[in-house]
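Q: Structure of the sequence below:
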Amino acid sequence: MKDSKPVGFVIGKHWPHSHLNYHPGSDVGWISLLLVSKEFQGQGIGSKLLKKAEAALENLGTKTIHLGRDVQHFFPGVPSGYEAVIQWFEKRGYQTGDTPFDMIQSIYNMPTESTAPSLEIRRGRHGEEECIVHFLSEVFPGRWEYEARSRFVQGVTAEDYIVMRHQEEIVGFCKMNRPTDKVIGSNVYWSKMFPDKIVGGIGPLGISREVRKSGLGLALVRTAMEELQKNGVNQIIIDWTTLDEFYGKLGFTPWKHYTHMSK
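A: Below is the predicted model:
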């Protein structure tokens, strides 16, 4: 602080116990965000903030610290293009890993439909929340299941999801995000960059192994895009992915890149 105003801050996260059936491990911690005002950079403030966060996490039993990719994350890693920042963290013991990216597409450029899906794909209905959670617990246990449970507790309903059904069973899902949602999805954090557009997001999404590689994943995303368009969305962002070939078939292109870093 300087003159009662913040000039820098750091967010550290630790998950001490199971919550809503999710526990990534008490030996894992995250630095969600580290920011120092431009006029105060180069004075050692960032180093002090990082050391303070690392010490707090270590005192809680943390053995591995990730930069970003936390639950309710700002970024899935260190934004690429900031080579000096990456080198700064490397000097402090952090090692680089995968390089995920965000993808972007304007909805009016959506390719035309070529084939009709073989299974029912539609917007979720109020009351199907437990069905979605059950599907996730069986097929995608962990963070995706936790995020759905957490959103439902906060008042989000199944209507914010696209579901794929086969013989009355959910076999696929896709989360839709809009700037007016009760819980804002990370892929619409960028809304302020597009003052003349309504930004929406897609993801996560997943389908059962039994129906993969049949084009149904693309049909699932397309349906989500159509529903977002009905809600006035005209700019769509998908965050934290490496599936450029898959999403590219629907007009998405890589936008912002990141570097996973941990120590």
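Q: show me where the stretch 101-250 of the chain has helices.
A: Here the stretch 101-250 of the chain has its helices, by DSSP state H, counting those that start in this stretch, at 129-139, 143-153, 216-230, 244-248.
Q: tell me which strands and helices the longest one is in contact with?
A: For helix 216-230, the helices and strands in contact under the criterion 3 or more C-beta pairs under 8 Å, 6 or more residues apart in numbering; DSSP states H and E are strand 120-123, strand 161-166, strand 169-177, strand 199-207, helix 244-248. For every residue, glycine as well, the C-beta is placed using N, CA and C.
Q: Report the residue spans of this protein with pLDDT below the cut-off.
A: Using pLDDT under 70 as the threshold, the predicted model of the chain has low-confidence ranges 114-116.
Q: Would you mind splitting it into its domains for me?
A: 8-101, 102-256 (automatic domain parsing).
Q: Do me a favour and get the end-to-end distance for the last one?
A: What it means is domain 102-256. Its first and final residues considered, domain 102-256 spans 5 Å by C-alpha to C-alpha, to the nearest Å.
Q: Check stretch 52-70 too.
A: Taking C-alpha to C-alpha, the span from the opening residue of stretch 52-70 to its closing residue is 19 Å.
Q: Check stretch 102-118 too.
A: Between the opening and closing residues of stretch 102-118 lies a distance of 29 Å (C-alpha to C-alpha).
Q: Run through who's touching that stretch.
A: Where contact means C-beta atoms under 8 Å, 6 or more residues apart in numbering, the residues beyond stretch 102-118 that reach it are 164, 187, 200, 214-216, 219, 222, 225-226, 228-229, 233-241, 244, 247, 249-257.
Q: Flag every buried residue along that stretch.
A: When neighbours are counted by 16 or more other C-beta atoms under 10 Å, the buried residues of stretch 102-118 are found to be 102-105, 107, 117.
Q: follow-up on the earlier one: quick one: which of the helices of the stretch 101-250 of the chain is nearest V85?
A: Shortest separation from V85 across these is recorded for helix 244-248, at 23.9 Å, computed as C-beta to C-beta.
Q: Send me stretch 216-226 as CSV with only the CA atoms.
A: What follows is stretch 216-226, C-alpha atoms only, in CSV (Å, rounded to 0.1, in the frame of the first residue of the first chain):
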residue,chain,number,x,y,z
LEU,A,216,-21.9,-35.3,-32.0
GLY,A,217,-19.4,-33.1,-30.2
LEU,A,218,-19.6,-30.5,-33.1
ALA,A,219,-23.4,-30.8,-33.0
LEU,A,220,-23.3,-30.1,-29.3
VAL,A,221,-21.2,-27.0,-29.7
ARG,A,222,-23.3,-25.8,-32.7
THR,A,223,-26.5,-26.1,-30.6
ALA,A,224,-24.9,-24.0,-27.8
MET,A,225,-23.9,-21.4,-30.4
GLU,A,226,-27.4,-21.2,-31.7
